[in-house]
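Visitor: here is the input, now give the coordinates:
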Amino acid sequence: MRVSIQEVVTGREMDRFIKFQWKIYKNDNKWVSPLLIDRKTFLNPKKNPFFKSAQVKFFMAYDEKKRPVGRIAAIISRNHLKTHNDGAGFFGLFECINDQNAANLLFEKAASFLRSQGMGIMRGPMSMNVNDEIGLLISGFDTPPAVMLPHNPPYYEALVTTYGFKKEVDLFAYYMEDHDGKPPERLTRGVELVKKRYNITIRPADMKRFDEEIEKLHEVYSRAWEKNWKWVAMTDEEFHHLAKDLKLIAIPGLVLLAEIDGKVIGVSVALPDINQVLKKIPRGRLFPFGIFKLLWYKRKIDMIRLTIMGVIKEYRHMGIETCFVHETYRKALELGVWRCDMSQILETNAPMNNVLNKLGARIYKTYRIYDYKL
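Guide: This next block holds a predicted model:
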């Protein structure tokens, strides 16, 4: 098959770029269709503040009949380079038919752009940075992705590795479900001891003072993750943009802050798995009938995803993470939710992996990030 690569320039071409996903996943009953309006906002430089500190090129692959067969984005984050100075650019939003030639041409087009800008590494998939959807799913294809997690066909791993990408790091998604209707007693006892010993308070975010609470969340997020693998601080505009979206689906009792003597020293955010609802809107269109499905099925969600959990460095190893897990567990059961995804946990994060293993959680999905030397 002869394949040509073209840069996405016009609005019509971007529309084709976005909708190409539906071709790849039309027979995959585990894939969850994103909302078209969300994808268009995410990829619009005028609406997504990430573009203010990034260079992004979008490319599509076409066969000899001008039919789309693949897509990719090549990404340079100036904030990443400023933080890590590692010469890494990224590829993301990769989708492709099962054709190695098409995949190779897409990867080479992205690599060529990154080389032209002085990059020495092509890392990914990152769609479009470490604070968004990251990683290639390499195990756990038998269940749908939870909210804000990627999904891809199993053959993508071969397309990536055959081109020459090498593993950089794995991230785990843990799964846990409740059978007793209450948190384990040993967990409850341990949490009470920790709270008493260190005078720790775990409280829900006050949604009536949302802007104030967001400032606290942002401060802790910036300090708690600063030494994480390739982490990059979000600008105020990026964080508020994300927070505005999360507010639409967040459950106040599952957005938690840890305090000692009134000082916020940790945050935890669990989100309802809105993907259970989006799966009922297969074409990603809210109108005319998708909005009614959204409102109806939202009441039937039975799983949450623990997306954010962090503690400022000087307050770690005190058991605060365990307190967060316990309070999230308790509140979820109170809401009638009995299943939980906890992800994405770096394979190198021994403390968190140990906590989840002790709770009886199991790894049910693995995501991999790759590097390719340019």
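Visitor: who is the residue nearest to the spatial centre of the chain paired with across the strands?
Guide: In the chain, the residue lying closest to the centroid (CA atoms, centre = their mean) is residue 133, at 3.6 Å. On the basis of DSSP bridges, residue 133 is bridged to residue 127.
Visitor: where does it land on pLDDT?
Guide: As predicted, residue 133 sits at a pLDDT of 91.
Visitor: would you confirm that it contacts residue 149?
Guide: Yes - contact criterion CB atoms under 8 Å: residue 133 and residue 149 qualify, at 6.7 Å. Just so you know, the C-beta spots here come from the backbone N, C-alpha and C atoms, and that holds for glycine as well.
Visitor: rewinding a little: if I look at the residue nearest to the centre of the chain, how far off is residue 336?
Guide: Counting by CB to CB, to the nearest Å, the separation of residue 133 from residue 336 is 28 Å.
Visitor: go on, residue 160?
Guide: 40 Å.
Visitor: who's more crowded, those two?
Guide: The neighbour comparison of residue 160 against residue 336 (other CB atoms under 10 Å) goes to residue 160, with 25 against 10.
Visitor: so the more buried one touches residue 137, yeah?
Guide: No - using CB under 8 Å as the test, residue 160 is too far from residue 137 to be in contact (11.4 Å).
Visitor: residue contacts, residue 242?
Guide: Residues near residue 242 by CB atoms under 8 Å, 6 or more residues apart in numbering: 131, 234.
Visitor: now do the same for it: helix, strand or coil?
Guide: helix (DSSP: H, G, I helix; E, B strand; the rest coil).
Visitor: ok, it to residue 107 distance?
Guide: Residue 242 sits 29 Å away from residue 107, going by CB to CB.
Visitor: now residue 121
Guide: Distance, residue 121 to residue 107, by CB to CB: 13 Å.
Visitor: okay, and the common contacts of those two?
Guide: Counting by CB under 8 Å, 6+ apart, the residues touching both residue 121 and residue 107 are residue 372.
Visitor: when these two are compared, which one has more neighbours?
Guide: The neighbour count for residue 121 versus residue 107, taken as other CB under 10 Å, is higher for residue 107 (25 against 17).
Visitor: give me the pLDDT for the more buried one.
Guide: Looking at residue 107, its pLDDT stands at 98.
Visitor: and it, what element?
Guide: Using DSSP states H and E, residue 107 falls within helix 100-116.
Visitor: report the distance from that helix to the chain centre.
Guide: Here helix 100-116 shows a centroid-to-chain-centroid distance of 24 Å under the convention CA atoms, centre = their mean, to the nearest Å.
Visitor: beyond it, next helix or strand please.
Guide: Helices and strands here follow DSSP H and E; after helix 100-116, the next one along the chain is strand 121-124.
Visitor: quick one: average pLDDT of that next one?
Guide: 96.
Visitor: helix or strand right after the helix or strand of the chain with the lowest mean pLDDT?
Guide: Ranking every helix and strand in the chain by mean pLDDT, DSSP states H and E puts helix 290-297 at the bottom, with a mean of 46. Toward the C-terminal end, the helix or strand that comes next after helix 290-297 (DSSP H and E) is strand 303-311.
Visitor: list the buried residues of that following strand.
Guide: Of the residues in strand 303-311, those buried by neighbour count under the rule 16 or more other CB atoms under 10 Å are 303-311.
Visitor: could the residues you listed go into JSON lines alongside distance to residue 71 and pLDDT?
Guide: Below are the buried residues of strand 303-311 laid out as JSON lines (distance: CB to CB, whole Å; pLDDT from 0 to 100):
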{"residue": "303", "distance to residue 71": "30", "pLDDT": "91"}
{"residue": "304", "distance to residue 71": "31", "pLDDT": "92"}
{"residue": "305", "distance to residue 71": "26", "pLDDT": "93"}
{"residue": "306", "distance to residue 71": "31", "pLDDT": "91"}
{"residue": "307", "distance to residue 71": "26", "pLDDT": "88"}
{"residue": "308", "distance to residue 71": "29", "pLDDT": "85"}
{"residue": "309", "distance to residue 71": "33", "pLDDT": "86"}
{"residue": "310", "distance to residue 71": "33", "pLDDT": "86"}
{"residue": "311", "distance to residue 71": "39", "pLDDT": "89"}
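Visitor: so, low pLDDT: which residues of the stretch 151-300 of the chain?
Guide: For the stretch 151-300 of the chain, the stretches with pLDDT under 70 are 226-227, 281-299.
Visitor: quick one: the helices in it, in order.
Guide: Taking DSSP state H, counting those that start in this stretch as the criterion, the stretch 151-300 of the chain carries its helices at 156-163, 185-198, 210-224, 236-247, 275-278, 290-297.
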